[in-house]
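# The following comprises the amino acid sequence and a computationally predicted model.
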Amino acid sequence: MTDLNKTILPSLGSGLIGACALTILHETARQFIDEAPRADILGMRAMKKVLKKADAKVPSDDELHDWALGGDLVSNTLYYSLIGLAKPKHALAAGVALGVVAGVGAVGLPGPLGLGTAPSSRTPATVAMTIGWYLIGGLATAAAYRFLKRK
């Protein structure tokens, strides 16, 4: 196996699995739980802000939603792919750390970034779900990494 197959592909594959788990959880829960975090709204606001700064046309809300989901998948895949810096035997600890840090960031950073606080921290339940769901993404990443790195 080449270095690419031994290191980068398992890291990216694991990150993609964690990002997909997180996105599926966010998108499903928002349909049924009033206090669910709205990462999609944060993503849409961020995209809109960037497009306006670039003097680019802002697409319709439906199209912007699709772009935001795509951006979330890409950025969360790359973030969760940092699991590749850990040895497989430390994957669980790394996945927990990645998940908790991402969740805390998702709660604390939108306000200072000018994206609003309500989508990820409007109630204590929303805060708990935000952190918990990023943790679940980290755990899915860790499980996938252990699986993909087995000999």
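Arrived safely, thanks for sending.
# Pull out the buried positions in stretch 85-97.
By 16 or more other Cβ atoms under 10 Å, the buried positions in stretch 85-97 come out as Ala86, Pro88, Ala91, Leu92, Ala94, Gly95, Ala97. Bear in mind the C-beta positions are built from the backbone N, C-alpha and C, glycine included.
# actually stretch 141-151, not the one I wrote
Buried residues in stretch 141-151, defined by neighbour count with 16+ other Cβ under 10 Å: Thr141, Ala142, Ala143, Ala144, Tyr145, Arg146, Leu148, Lys149.
# ditto for stretch 126-139
Buried, per 16+ other Cβ under 10 Å, within stretch 126-139: Thr126, Val127, Met129, Thr130, Ile131, Trp133, Tyr134, Leu135, Ile136, Gly137, Gly138, Leu139.
# quick check, distance from the longest helix along the chain to the centre of its chain.
Longest helix in the chain by number of residues (criterion: DSSP state H): helix 124-149. With Cα atoms, centre = their mean, to the nearest Å as the basis, helix 124-149 stands 9 Å off its chain's centre.
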